[in-house]
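In: Below are the sequence and a predicted model for it; my questions follow.
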Amino acid sequence: MKTPLEHRPVLLDEALEALNIRPDGIYLDGTFGRGGHSAAILERLNENGRLLAMDKDPQAIAVAQSRFGGDRRFSIVRGSYTMLGQEVEQRGWKGKVDGILLDLGVSSPQLDDPGRGFSFRHDGPLDMRMDPESGISAAEWLAEADEAEIAQVLKEYGEERFARRIARAILRERGQAPITTTARLAKIVAEANPKWERDKHPATRSFQAIRIFINAELEELEQVLEQSVEMLAPGGRLALISFHSLEDRRVKRFIRDEARGGDFPAGLPVTEAQLKRRLRPVGKDIRAGEAELAQNPRARSAVLRVAERLA
C-alpha cells in the first residue's frame, strides 16, 4: 500500500483535554483522517473503552484498518459523519457517548496529494471529492453549471467578492476547452480576480467554495450537530475543530442556542425545566499556540469549540 502522506493532527493536546477522556468511556471520531486524534484517544482508553471512527475517504479507511484493525476497542465505518447517529443507535450507545470529536474540513494528506485535486498549489486532476468514488467531481460540475450557479457557490461558500466576474471567466474558458486540472482553474481565477489579497493566493476562496459545495460540507455539519446532543451521555463532551468562518459560525451558533434553551418572548417568566437547555459551553474558543504554528502553519486558522451535555 502507498505510504500515507504525513499528517499532523491539529490542536491534539487541546482536543484531548476538551474530551476529558474516561478510560472506560465511549468516544466517536467523526473525521478519522490519518488517525492522529484516534491514536491519542486509544492511548487513554483501557480494555473496556470504545472508539468508533468514520471517514468518507477510502485511503483513510485503509490507514485505519492497517493501524488499528487488530484493536478490539476500535471500529471504523466508511461514510459521512452524518451516519454517526444511526451507527450509535445500532450499537445501543444512544445517550451513552462520552465524547465526540470532529476535525472539520480537508486533511493535510488530501491537500498535499495532487491526484485528489484539492489544492491550487499542485497541478492535478480537478476532483475535490473526499470520497472519489461517490458524487460528481469539481471538473464535472464546472462543465455543466451555469454562470449564476457558479457565482452563487463562490459567493456563498467562499465569500468571494468577485464571484460573478470569476464565474463569467470560467464559462468563457470552458467554451475553449474543458477545465479538468487544478492549475488551469487556478490560472483562470487569478486572471479574473482584479484585486489580490495580501499573502493569499487569488484562487484560495474559489477553491474553498467549490470544495465545500462538492462535498456538501456545511449541510452535513448542520446534520451532525443536530444528532450530536442525543448521542451524548450527561457530562459527555462535543469538541469541534473548524478551519474557516462559515463552519465556525455554525458551530458557535449551535452551542449558543443549545445553551440558551427554548426561544420565549422577552419578559415571560420561564422555569429552568421549560427552557430545556441541553448543552453548556466549556471555556472559550481555543486556537493553536506559537509552538504548534511553528511546526504546522496550517493550524493558524483552526478554532476548537467545546460543549458539555447537561443532565
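Out: Looks like it arrived, so ask away.

In: longest strand anywhere in the protein?
Out: strand 232-242 (DSSP state E).

In: How far does that one sit from its chain's centre?
Out: 15 Å (Cα atoms, centre = their mean, to the nearest Å).

In: in that strand, what counts as buried?
Out: 232-233, 236-242 (16 or more other Cβ atoms under 10 Å). Using the backbone N, CA and C atoms, a C-beta is placed for each residue, glycine as well.

In: Serialize those residues to TSV and add fields for distance to Ile26 and pLDDT.
Out: Formatted as TSV, the buried residues of strand 232-242 follow (distance: Cβ to Cβ, whole Å; pLDDT from 0 to 100):
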residue	distance to Ile26	pLDDT
Leu232	10	98
Ala233	8	98
Gly236	9	98
Arg237	12	98
Leu238	14	98
Ala239	15	98
Leu240	18	98
Ile241	20	97
Ser242	24	97
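
In: any chance of those in a markdown table, with distance to Gly35 too?
Out: Converted to a markdown table, these look like this (distance: Cβ to Cβ, whole Å):
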| residue | distance to Gly35 |
| --- | --- |
| Leu232 | 23 |
| Ala233 | 24 |
| Gly236 | 22 |
| Arg237 | 20 |
| Leu238 | 20 |
| Ala239 | 17 |
| Leu240 | 18 |
| Ile241 | 15 |
| Ser242 | 20 |
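
In: so how many other residues sit close to Asp199?
Out: 5 (other Cβ atoms under 10 Å).

In: Mind jotting down where the strands sit in this structure?
Out: 26-29, 50-55, 74-78, 97-103, 232-242, 279-281, 303-309.

In: Any idea which of these gets closest to Glu159?
Out: strand 232-242 (14.7 Å; Cβ to Cβ).

In: Alpha carbons of that closest one, as PDB, please.
Out: In PDB, the C-alpha atoms belonging to strand 232-242 read as follows (Å, rounded to 0.1, in the frame of the first residue of the first chain):
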ATOM      1  CA  LEU A 232     -24.100  12.200  24.300                       C
ATOM      2  CA  ALA A 233     -24.300  11.000  27.900                       C
ATOM      3  CA  PRO A 234     -24.900  13.600  30.600                       C
ATOM      4  CA  GLY A 235     -21.500  15.200  31.000                       C
ATOM      5  CA  GLY A 236     -20.400  14.000  27.600                       C
ATOM      6  CA  ARG A 237     -18.300  16.400  25.600                       C
ATOM      7  CA  LEU A 238     -18.600  17.700  22.000                       C
ATOM      8  CA  ALA A 239     -15.300  19.000  20.600                       C
ATOM      9  CA  LEU A 240     -15.300  20.600  17.100                       C
ATOM     10  CA  ILE A 241     -12.300  22.000  15.200                       C
ATOM     11  CA  SER A 242     -13.200  24.400  12.400                       C
END
